[in-house]
Structures are given as C-alpha cells and as structure tokens.
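[1] Below: sequence and its predicted model.
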Amino acid sequence: MAGAGRTKLSQLLRTRAASFLPTASRGYSAAGQDDVVKQAFVTQQTKFRAFLGELAKVKITLDSDDQKAVKEYATTMKSIRTKLAIPSYTEKIADLLDSAGDDATDVRSYLETQTRLRSEVGIQDDLGADKLTMQALDKVEKSLGKPLLLDDKQGLTLLSKEIDEINKKLGLDEALLEKLEEEVEMAVAKGELEEITKEAREKIETYKRRDELDTLVVDPKELDYRQYL
C-alpha cells in the first residue's frame, strides 16, 4: 500500500515512478543477491559496449565552445540512449530520488530524504519549493490531525491540491520543466564534450613528447575522436 502512495506522491512532485535501485532483491538469499549484482554488472557492460559501438558510427566535432557542436553531440547522445534504453542524466536523478525513500512510510520522511539527496547531488532549490512543500504538508497534517502516511489516499489528494497551488505560484508547468531538463542535458553534454576534448589534448601532448614534435600544432576540432574510444 505504501508503495502505491509513494508512486502517487512522486508523480505529484514531478519525478518518474521507476526503480533505479535493486529493491526487488530484498529477501533473497546471499547467493541470490550475488546473482542479481552479477546480472546487473553484465547488463551494464553489455550496454556500455553497445554504446561505444553506436558512438563509433558518428563523427563529433570536439569543440565545447561551439553551441552547434554541443547541440549535435547532445542530440547524438539522446538518440543512442533512446535506442539502447539508457536513462539520461535527469532521468537517473529522478529515478534515484523516487527510489531513495523506499523505506519511508510517511510523506514527511519521504520529502526529507528527497531534499537531502537533491542537496547531495548538487541540485539547488532557488525557488524555495522545498520549504513551500513542507509548509503545505504541515497544513495538510494539521487538518488531518495526524502524520500523512503514504497509503492515505485522502491526505495525498489534499496535498496534491496544495502542490498544484505551489506550482502555479512559482510558475512551474510541464513546458517549463521540460525546458529546464533540456538545459540540464545540454550542460551535461557540454561537460562531456569538454572532457573528451581534454583527453584528446592530453594524448596529443603525449605523442608530441614521445616523438619530439614540440612545434607541431594540432587543433582537436580536426581530430576524429573515434580513434580514442
């Protein structure tokens, strides 16, 4: 029952109701848990090899300062992730937040866990949404005269209405949230492109020192990064 309430609450808070952690393995024997971990590792490695295979099919411009190059890289990564069913950065964060409160039975504990985890992964609450949400929870629990549990359908309905009001007050809607997610993914793509470019530069410097080609000038944008996969 609490699991259903948790899923409903996560939908209210605009997080995806998917499990990113192996919670289904609870109660298994030690050998069973080992099998689950082994299977997860094999699946991860299989997807990683498939990812490299797909990445090797396309040419990417190593220029994180070029908005067009960053966008092309982000589009390529999204296409590959979709094809291989690999979650994006924002999806991973949402899944982590959704599953992190699996042991919670009440809404307050669930929200406090999500707030802590968002802080730990560097997500800032510039709008003060967490504070407003907790104030809304205080209001609902006061009207109920008891703590709001995750299996309390009536209480969750009341909280849903309060959260809708908070979203309106802060100007949050589906279109804005999708835009913010896109901006995050673009920032992640830029960071990844910067890292690939950095690695390419380091390899260039290594080759130059090894072959005594100190005067050689190589622009990473002219390189085919697939040689470094």
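    Okay, I see it. Numbers count the residues shown, from 1 in each chain.
[2] for this structure, which helix is longest?
    helix 174-210 (DSSP state H).
[3] in terms of contact count, name the helices or strands touching that helix.
    If you count contacts as 3 or more Cβ pairs under 8 Å, 6 or more residues apart in numbering; DSSP states H and E, helix 174-210 packs onto helix 67-84, helix 89-100. Where you see a C-beta, it was placed from the backbone N, CA and C, and this is true even at glycine.
[4] per-stretch mean pLDDT over the ones you listed, give me the minimum one.
    Within those, confidence is poorest for helix 89-100, with a mean of 81 (mean pLDDT).
[5] in that one, what's buried?
    Neighbour counts over helix 89-100 (16 or more other Cβ atoms under 10 Å) mark 89, 90, 91, 93, 94, 95, 96, 97, 98, 99, 100 as buried.
[6] pretty sure the first one contacts residue 190?
    Spelled out, it's residue 89. No. Residue 89 is not in contact with residue 190 according to Cβ atoms under 8 Å; the separation is 12.0 Å.
[7] Return the member of the buried residues of helix 89-100 nearest to residue 153.
    Lowest distance from residue 153 to the buried residues of helix 89-100 (Cβ to Cβ) belongs to residue 98, with 19.0 Å.
[8] Wait, a strand at residue 63?
    No. Assessed with DSSP: H, G, I helix; E, B strand; the rest coil, residue 63 is coil; it does not lie in a strand.
[9] In this structure, where is pLDDT below threshold?
    Within the chain, the segments meeting pLDDT under 70 span 1-36, 38, 40-41, 100, 218, 220, 223, 225-229.
[10] one more time with 50
    1-31 (pLDDT under 50).
[11] which residue lies farthest from the center of it?
    residue 212 (43.8 Å; Cα atoms, centre = their mean).
[12] where's that one relative to residue 203, distance?
    In this view, residue 212 and residue 203 are 16 Å apart by Cβ to Cβ, to the nearest Å.
[13] again, but for residue 179
    According to Cβ to Cβ, residue 179 and residue 203 sit 37 Å apart.
[14] Please identify the helix or strand for the residue farthest from the centre of the chain.
    Element membership for residue 212 (DSSP states H and E) is empty, with no helix or strand holding it.
[15] May I have the phi/psi pair for it?
    When read as degrees, to the nearest 10, the backbone of residue 212 gives phi 50, psi 50.
[16] Same question for residue 113.
    Dihedral angles for residue 113 - degrees, to the nearest 10 - are phi -60, psi -40.
[17] Check the one 3 residues further on too.
    In this entry, residue 116 is assigned phi and psi values of phi -60, psi -40 (degrees, to the nearest 10).
[18] residue contacts, it?
    Going by Cβ atoms under 8 Å, 6 or more residues apart in numbering, residue 116 touches no other residue.
[19] Let me know how buried the residue nearest to residue 149 when sequence neighbours are not counted is, in neighbour terms.
    Leaving aside its sequence neighbours, residue 149 sits nearest to residue 106 (Cβ to Cβ, 6 or more residues apart in numbering; 5.2 Å). Neighbour count for residue 106, taken as other Cβ atoms under 10 Å: 21.
[20] So residue 106 versus residue 140, what's the distance?
    The separation that residue 106 has from residue 140, given Cβ to Cβ, amounts to 12 Å.
[21] any residues in contact with both of those two?
    What both residue 106 and residue 140 touch, as defined by Cβ under 8 Å, 6+ apart, is the set residue 148.
[22] ok, so what distance separates residue 222 from residue 204?
    The gap separating residue 222 from residue 204 is 11 Å, by Cβ to Cβ.
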